[in-house]
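K.L.:
sharing a model that was predicted from the sequence below.
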Amino acid sequence: MPPSRGNSMRNKNGTITPLSLSKTTSRMSSPSTGQGQNYDVADPIIPIAHIKSNLSANCQTRQAEIELATSRKNQNNNVLEEDEKNLCGRSSSATSPINQLSSYTLPAGCSYGPTITPTYLEETNIVLEPELVSQIHSGKSNECKLLWVDFPPLSPQNPFNFSKGRKFGITCVATLFTLQTSMNVGAFSIGMESMTRDLNCTRDQAAIGLGIFNFGFATMPLLLAPLSEEFGRRWSYVIAVVLYGLFLVMMALSKNLTTMLLARVLQGVSGSVASTLVGGTIADIYIPADRGLPSAVFAFTAIAGSGLGPFFFCWVESNENLEWRWIWWIQAILIGALIVPIFVLMRETRESIILRRRAIKLRKERGLSDGGRYTARSEVGKVNFVQAMKSSSLRAITFLLVEPILLFFSVWMGLGWGVLYTMVTGLSYNFKKVYGFTTNQVGCAYISITIGTLFGFGFNFVQDAIYKRKVEKRGIEARLYAPMAAGLTFAIGCFIFSFTATPSVHYIVPCLGIVIIIAAVFTIYISAFVYISECYGSYASSAIAAQSFLRNGFGGAFSFFTLQMYDALTPRWTTFTWGCIALLLSAVPFIAFYFGPKIRSKSKYSKILMKEEQERILREKQVLDGMG
């Protein structure tokens, strides 16, 4: 087998110095074939972390040895056979080594892995075909190896190498789904008056629908990682969009409070895909330096929809022939129109799924004819679906509890989301009680949320420019300049709104306070979203799920008691309270900025996952550089 390009280099004295990375692999280097290798027990949170931690050194040694044999061949062909025996004769067979393996031509991107032994099967928990397992245990298999399946260089199947058009289409349909789910919350709020009349319920009973929608959003992401790992991201999107549309129809047909609340929680469960999976999809197809804009578009749709929903549907609510039921019928029509684009444009973006499918295809087409079994690296240490569901929930909660950066950012974002829902729930209360607005006027006031999101979206480009200038010096902490400023303006916006929402002050002033609050919340959300994604690499979805759990849990809880707080404390002192808490939490990005690297260096998981992500990016860069 010829050595991989870029795996090693020769220094001046002729010795071989292995490079740290392999160009021909996608995520990690192949394990050593040494029979004496010890394997750690699989980590229940990151099941293949024990492999990731030992792969690079083993592969470097192996590749250096192979290149050394090749160089000796050029010097003296007569000693090649002896060298090959020294390299691969670590097994007891004298006929199995390099000259036997080199007779096979592997598909591009594939490479020889370790010999499959009973010990290897036991330690790595890899699932093989029953007949192959029996052959290995009986000793009938003649040193069957794993053949690692990776992407060939510049492969169009690699999500990083998708065309710009395909990436654009995937981003568009994913963020349109996010927009429609975010419009849901404000639409519910603006339609509460006619709904409480028709369903014969109180204002506080109807407000439960806001809270349980968020609790559905909070809990389902904990289970989405194994679902997308088992079935792929594409089918997760397709199924979620279809179910979400059906639950919108259920909402429109509700005849009582119970049906309405059940529809709401199911909407939250299915719609949570638009909140959690989109972040992982963006991380799948864009390298970190290119994630700023698509992440900003995603964040814009996630927040702006909360203002666009009431703005559009206030006209439906004020029409006696339409009212709240048509708010949901119209949304069902819109989501129905999205099903076909999602199905057509969305492609599988999860690398492990794509490579696993390629491995299955190669096993069917070539069997063991190439001297081994084609295997994707994600199949090593893979657990069954039920166990994966448990591990996923455990992983997200564990990240939240043991990763201080994730915890503090999640609490901070949770407060921002809670204040956002305070605005969504309470704007109608404020402007009707204080300024005597009609339903349509209140709907127009909601547009201040969208304007604030637009300002935050614009500031994102400033943050992106700063990041590109500072990233070499500061690393991923260069993402935190904007949230450091936003933490302070968040509190200032709360104070402006709290002291100006009175009849003696023109309504445009509290609207300005809302714009400042939402611009700050957007900046905090997008910066923390990208920062967390880069901290947790291929497990970004789990980290975002943990953050989403806390963030939406805060939003749901705030929805339950916002109106009661307004009644008890008045809007002024309610918002002032949140401003004081926001001022305290504004220290979070400053702490992360100055102490983030030190905190991450002590993290059990973040340092592994960031290293994996960095190696993946560097390998792709090396391939591009080597191809000219």
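P.N.:
Alright, I've got the coordinates. Numbering: from 1, shown residues only.

K.L.:
what about the helices in the stretch 451-600 of the chain?
P.N.:
481-500, 508-536, 540-585, 587-601 (DSSP state H, counting those that start in this stretch).

K.L.:
winner for burial among those helices?
P.N.:
The highest average neighbour count among those, using mean count of other Cβ atoms under 10 Å, belongs to helix 508-536 at a mean of 25. (Each C-beta comes from the backbone N, C-alpha and C, glycine too.)

K.L.:
so that helix versus helix 587-601, what angle?
P.N.:
Helix 508-536 and helix 587-601 are oriented at 0 degrees to each other (axes from the mean of the first three to the mean of the last three Cα atoms, to 10 degrees).

K.L.:
what residues are up against the closest residue to Y467 other than its chain neighbours?
P.N.:
Using Cβ to Cβ, 6 or more residues apart in numbering and skipping residues adjacent in sequence, the residue nearest Y467 is A478, 4.6 Å away. Contact partners of A478, counting by Cβ atoms under 8 Å, 6 or more residues apart in numbering, are 466-467, 469-471.

K.L.:
repeat that for V273.
P.N.:
So V273 contacts 177, 220, 224, 236-237, 240 (Cβ under 8 Å, 6+ apart).

K.L.:
do that again at 6 Å, thanks
P.N.:
Contacts for V273 (Cβ atoms under 6 Å, 6 or more residues apart in numbering) come out as 236, 240.

K.L.:
for it, grab phi and psi.
P.N.:
When read as degrees, to the nearest 10, the backbone of V273 gives phi -60, psi -40.

K.L.:
how much space separates L128 from T425?
P.N.:
55 Å (Cβ to Cβ, to the nearest Å).

K.L.:
using TSV, lay out the helices of the stretch 451-600 of the chain together with distance to Q205 and mean pLDDT.
P.N.:
Output for those, formatted as TSV (distance: least, Cβ to Cβ, whole Å; pLDDT from 0 to 100):
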stretch	distance to Q205	mean pLDDT
helix 481-500	27	92
helix 508-536	27	87
helix 540-585	11	83
helix 587-601	36	85
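
K.L.:
mind checking pLDDT for V505?
P.N.:
V505 is assigned 90 on the pLDDT scale.

K.L.:
burial measure for it, as a count.
P.N.:
A count of neighbours around V505, defined by other Cβ atoms under 10 Å, yields 13.

K.L.:
quick check: phi and psi at Y112.
P.N.:
For Y112, the backbone dihedrals (degrees, to the nearest 10) come out as phi -80, psi 140.

K.L.:
check contacts around it.
P.N.:
Neighbouring residues of Y112 by Cβ under 6 Å, 6+ apart: K145.

K.L.:
quick check: it vs L121, distance?
P.N.:
Taken as Cβ to Cβ, the span from Y112 to L121 is 18 Å.

K.L.:
likewise A568?
P.N.:
With distances taken as Cβ to Cβ, A568 is found 64 Å from L121.

K.L.:
quick check, N319 in a helix?
P.N.:
No: per DSSP: H, G, I helix; E, B strand; the rest coil, N319 lies outside any helix segment and is coil.

K.L.:
just to revisit the earlier point, quick one: pLDDT of the residue nearest to Y467?
P.N.:
Per-residue confidence (pLDDT) for A478: 89.

K.L.:
what comes up buried for whichever helix or strand S228 is part of?
P.N.:
Per DSSP states H and E: S228 is located in helix 221-231. In terms of neighbour count (16 or more other Cβ atoms under 10 Å), helix 221-231 has its buried residues at 221-229, 231.

K.L.:
ditto for stretch 368-376
P.N.:
368, 370-376.

K.L.:
gap between the residue lying closest to F576 once chain neighbours are set aside and Y566?
P.N.:
Ranked by Cβ to Cβ, 6+ apart and with sequence neighbours excluded, the top spatial neighbour of F576 is S498, at 4.0 Å. According to Cβ to Cβ, S498 and Y566 sit 12 Å apart.

K.L.:
quick check, F213 in contact with R264.
P.N.:
Yes: counting by Cβ atoms under 6 Å, F213 does reach R264; the two are 4.7 Å apart.

K.L.:
between these two, which one's more packed in?
P.N.:
Using other Cβ under 10 Å as the criterion, F213 and R264 rank with F213 on top: 28 against 25.

K.L.:
which of the helices or strands spans the more buried one?
P.N.:
Taking DSSP H and E as the criterion, F213 maps to helix 203-219.

K.L.:
between that helix and helix 540-585, how big is the angle?
P.N.:
130 degrees.

K.L.:
which parts of helix 203-219 are buried?
P.N.:
Those would be 206-219, for helix 203-219 by 16+ other Cβ under 10 Å.

K.L.:
helices and strands around it, which ones?
P.N.:
helix 192-198, helix 257-271, helix 540-585 (3 or more Cβ pairs under 6 Å, 6 or more residues apart in numbering; DSSP states H and E).

K.L.:
dump the ones you listed to CSV, plus distance to I116.
P.N.:
Shown next, in CSV, are the helices and strands packed on helix 203-219 (distance: least, Cβ to Cβ, whole Å):
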stretch, distance to I116
helix 192-198, 62
helix 257-271, 41
helix 540-585, 30
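
K.L.:
please parse this protein into its domains.
P.N.:
106-150+350-380, 162-349, 392-622 (the TED database).

K.L.:
chain center to the last one, what's the gap?
P.N.:
Domain 392-622 sits 17 Å away from the centroid of its parent chain (Cα atoms, centre = their mean, to the nearest Å).

K.L.:
just the first one next, same as before
P.N.:
Its chain's average C-alpha position is 29 Å from that of domain 106-150+350-380, according to Cα atoms, centre = their mean.

K.L.:
okay, now it: how far is its last residue from its first?
P.N.:
Domain 106-150+350-380 has its terminal residues 20 Å apart, counting by Cα to Cα, to the nearest Å.

K.L.:
neighbour count for L128 and T425, which is higher?
P.N.:
Neighbours around L128 and T425, counted as other Cβ under 10 Å, are more numerous at T425. The numbers are 25 against 17.

K.L.:
so the next helix or strand after the helix holding S228 versus helix 257-271, what angle?
P.N.:
Per DSSP H and E, the first helix or strand lying C-terminal to helix 221-231 is helix 233-252. Put simply, helix 233-252 runs at 160 degrees to helix 257-271, going by the same axes, to 10 degrees.

K.L.:
give me the helices and strands touching helix 233-252, please.
P.N.:
By 3+ Cβ pairs under 6 Å, 6+ apart, helix 233-252 packs against helix 257-271, helix 273-285, helix 323-345.

K.L.:
and the ones you listed, which is most packed in?
P.N.:
Highest mean neighbour count among the helices and strands packed on helix 233-252 (mean count of other Cβ under 10 Å): helix 273-285, a mean of 26.

K.L.:
mind saving the C-alpha coords of it as CSV?
P.N.:
Presented in CSV, the C-alpha positions along helix 273-285 are these (Å, rounded to 0.1, in the frame of the first residue of the first chain):
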residue,chain,number,x,y,z
VAL,A,273,-36.0,20.5,15.1
ALA,A,274,-35.9,24.0,13.6
SER,A,275,-34.3,25.3,16.7
THR,A,276,-31.7,22.6,17.4
LEU,A,277,-30.8,20.7,14.3
VAL,A,278,-30.2,23.8,12.1
GLY,A,279,-27.1,24.6,14.2
GLY,A,280,-25.7,21.2,13.6
THR,A,281,-26.5,21.4,9.9
ILE,A,282,-24.6,24.7,9.6
ALA,A,283,-21.6,23.2,11.5
ASP,A,284,-21.8,20.3,9.1
ILE,A,285,-21.4,22.2,5.8
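
K.L.:
I appreciate the help and will end here.
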